[in-house]
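Asks: My questions are about this predicted structure, shown below with the sequence.
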Amino acid sequence: MRVYRTAPRRAFTTFSNALLRDATISWCAVGLLTYLVSLPNGAKASIRKLSEQRKEGRDRIGSALQELEDARYLRRLTRRDGRGQLRTEYEVFDTPYDPEAPEPAATPGGAPATGLTPETAGNPASGDPDHGVPGPLPTGEKTGVKEPPSPAIRLLTSLGRSDPRLALGAGEAERLRTLVEEWWAAGASDALIREALTSGLPARVHAPAALLADRLRRKKPAPRPAAPVRPECGVCGTPVPEGASCARCEPSAPAVAGFVAAALRGGASVRQVLRRRC
């Protein structure tokens, strides 16, 4: 295949290969996201208008928007406007956003600082599919609060912020999560995992998830050997040979008991001699 590219000088949008090759979202979701990102900040859109511009129907558009939300390319925020009514605002990102980053403050007019504004000012829970993108929130999710990602997923998704070649989708990070946890179980630190995953990368990374999975499996350190158990007396904590008992706390053998008694008598005699000389 030969690829011919032009170099536009105006009215263009730049996307990273990590976005265009993210296998965790469908072709429809990728195309829809590139269109939404190309819109000016504060643009208005709805499922109805999006479906009218292409051959996909409302159901397909709604499904693609849900994919983008699951992969953290789209975020919906619920805020109160100046009249005290709840409004849903939408933000779109060209790379998965950090769920722990603080939400941007709203502009004075109530619109989000970045992202996509719903077309309709109606109640987002009214059930009308045209009331914004991507439609009403399910019951129990109207506050926009989600389960925080696990530490392993946070580590994996942070790699893409340091090096765009290693950008992962939410589904890819979830599939690699257990491999990172195996490294931690073997005693590896976060710094060691990052070094193993980011050092010596090729100039072009075509499949970051596959590359990271290979490194996590191939370079996983051996489990740490268990520390040897040091036998000691259960009463006083004095180290004792394996299988032996403490002569001080358990003088069970007559020879050991006699030796201990003689040592005690000898110590008392020495102390008496020292007192007389003083």
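Replies: Sure thing, it's come through.
Asks: can you give me the strands in the stretch 51-200 of the chain?
Replies: 74-80, 86-92, 117-118 (DSSP state E, counting those that start in this stretch).
Asks: from memory residue 159 sits against residue 193, does it?
Replies: No. Checked against C-beta atoms under 8 Å, the pair residue 159 and residue 193 is beyond contact range at 9.6 Å. Every C-beta, even on glycine, is put in place using the N, C-alpha and C of the backbone.
Asks: Among these two, which residue is more densely surrounded?
Replies: residue 193 (23 against 20; other C-beta atoms under 10 Å).
Asks: List the contacts of that one.
Replies: Residue 193 makes contact with 155, 180, 183, according to C-beta atoms under 8 Å, 6 or more residues apart in numbering.
Asks: Now with 10 Å, please.
Replies: Applying C-beta atoms under 10 Å, 6 or more residues apart in numbering to residue 193 gives the contacts 152, 155-156, 159, 179-180, 183-184, 215-216, 219-221.
Asks: separation between it and residue 86?
Replies: Taking C-beta to C-beta, to the nearest Å as the measure, residue 193 falls 42 Å from residue 86.
Asks: One more: residue 183?
Replies: The value you get for residue 183 to residue 86, if C-beta to C-beta is used, is 43 Å.
Asks: neighbour-wise, which of those two wins?
Replies: Set residue 183 next to residue 86 and count neighbours by other C-beta under 10 Å: residue 183 wins out with 21 against 13.
Asks: So the more buried one sits against residue 222, correct?
Replies: No. Using C-beta atoms under 10 Å, residue 183 is not in contact with residue 222, being 11.2 Å away.
Asks: Skipping adjacent residues, who's closest to residue 92 in space?
Replies: In space, and not counting its chain neighbours, residue 92 is closest to residue 36: 4.6 Å by C-beta to C-beta, 6 or more residues apart in numbering.
Asks: so the one you found is in which element?
Replies: helix 27-38 (DSSP states H and E).
Asks: just checking, next helix/strand downstream of that helix?
Replies: Counting by DSSP H and E, the next helix or strand C-terminal to helix 27-38 is strand 44-45.
Asks: Verify the stated contact: residue 27 with residue 64.
Replies: Yes. Residue 27 is within contact range of residue 64, at 9.3 Å (criterion: C-beta under 10 Å).
Asks: More neighbours: the two, which one.
Replies: residue 64 (24 against 8).
Asks: dump the residue contacts of the more buried one.
Replies: 25-33, 47, 50, 56, 74, 134.
Asks: Tell me the one among these nearest to residue 175.
Replies: Proximity to residue 175 was ranked across the contacts of residue 64 by C-beta to C-beta; first place goes to residue 25, at 14.3 Å.
Asks: Could you find the closest non-adjacent residue to the closest one?
Replies: residue 67 (4.9 Å).
Asks: And residue 153, by the same measure?
Replies: residue 173 (4.7 Å).
Asks: low-confidence ranges in the stretch 151-278 of the chain?
Replies: 226-230, 233-237, 242-262, 264, 277-278 (pLDDT under 70).
Asks: Walking through it, point out its helices one by one.
Replies: Here the stretch 151-278 of the chain has its helices, by DSSP state H, counting those that start in this stretch, at 151-162, 170-185, 190-198, 208-218, 254-277.
Asks: and the contacts of residue 64 as TSV, adding distance to residue 267 and pLDDT?
Replies: Output for the contacts of residue 64, formatted as TSV (distance: C-beta to C-beta, whole Å; pLDDT from 0 to 100):
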residue	distance to residue 267	pLDDT
25	81	88
26	85	91
27	88	90
28	89	92
29	85	90
30	86	90
31	91	91
32	89	91
33	85	91
47	93	83
50	94	86
56	95	85
74	82	89
134	86	42
